Structures are given as structure tokens and as C-alpha cells.
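Undergrad: please find the sequence and the predicted model below.
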Amino acid sequence: MIESLDLSRKKVKVFDVDTNIKVAYKTGKLIFGKSQVLNQLRQKPFKMLILANNCPAELDSQLSYYNSLMSDNLFIHRYHGSSWELGLAMGKPYMISIIGINDFGDSDLLSLKTKSNQ
């Protein structure tokens, strides 16, 4: 006799930004830190930027200014946590206010772009 499977307890896969940031850091190409990101932003734009919730207003205004100068707008994601939490998500023991992503690697961070458009 074949028993039916109980699918009500099946785990639903929830998108976790912290895990995907760590995967992108390990497998992709990321640059973090205000000066490094701004220097590279002037030369070659990123695919995506992740800003901490408590990043300085001066940095936010600089990024919006650079974004207005570019022909195709850059996607900027506001991270839900502070810069301490963003640093811990990358596995670093210090604050990180901004991350610039050149290559997503094996992460699914690109889905943040489509989620915000809906």
C-alpha cells in the first residue's frame, strides 16, 4: 500500500539577502568601502550597489548624482540592517556601508532587482 506524502510541512525557500551576499563575496567579484566603490564607479559602473541602512547622507547624495550622470541607471538596494550587520553578512569584523557588485557569482542577488520592480 502506498502512503500519500504530506506536503503541508514542506519547507518554503525564503530569499535570504545575508546568505546571498556571502555567496557573492566568495564566488563573484565585489568591492566594498566608500572610496574604492566611488573610484571604480567613475571608471566602470557596477551591476548593482548595496547600501547599509545607516550609510551617510553625503554618500547617498553622491551616488544619486553619479546615477543621474549615467546613461543607464544603476540599481541601488537598501540593505535592511546597519553597516555592522552588512559587514557581518560579508564575514568581516568591521562596518561596511557600501558594496559594489561587478559579478554576482553563484548568488541570487539579481532577483532583488526584479522583486523591487514588481
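TA: Perfect, I can see it now.
Undergrad: in this structure, what helix or strand scores lowest on average pLDDT?
TA: The helix or strand of the chain with the poorest confidence is helix 110-117; it has a mean of 76 (mean pLDDT, DSSP states H and E).
Undergrad: quick check: buried residues in it?
TA: residue 112 (16 or more other Cβ atoms under 10 Å). C-beta here means a position set from N, CA and C on the backbone, and glycine is covered the same way.
Undergrad: secondary structure class of the residue nearest in space to the middle of the chain, three-state.
TA: What sits nearest the mean C-alpha location of the chain, by Cα atoms, centre = their mean, is residue 50, with 4.1 Å. Here residue 50 is strand, with the state taken from DSSP: H, G, I helix; E, B strand; the rest coil.
Undergrad: try residue 25
TA: At residue 25 the chain is in helix, as set by three-state DSSP.
Undergrad: got a list of what it touches?
TA: For residue 25, the contacting residues are 90-91, by Cβ atoms under 8 Å, 6 or more residues apart in numbering.
Undergrad: pLDDT wise, what is it at?
TA: Residue 25 carries a pLDDT score of 93 in this model.
Undergrad: on that earlier part again, check which helices and strands the least confident helix or strand of the chain sits against.
TA: strand 48-51, strand 75-78 (3 or more Cβ pairs under 8 Å, 6 or more residues apart in numbering; DSSP states H and E).
Undergrad: so what touches the last one?
TA: Contact partners of strand 75-78, identified using Cβ under 8 Å, 6+ apart, comprise 47-51, 53, 63, 67, 112-113, 116.
Undergrad: hmm, 6 Å instead?
TA: For strand 75-78, the external contacting residues (Cβ atoms under 6 Å, 6 or more residues apart in numbering) are 48-51, 112-113.
Undergrad: in stretch 29-41, what's buried?
TA: For stretch 29-41, by 16+ other Cβ under 10 Å, it's 30, 32, 34, 37, 41.
Undergrad: likewise stretch 73-82?
TA: 74-77, 79.
Undergrad: who are the neighbours in contact with the residue nearest to the centre of the chain?
TA: Contacts of residue 50 (Cβ under 6 Å, 6+ apart): 77, 79, 99.
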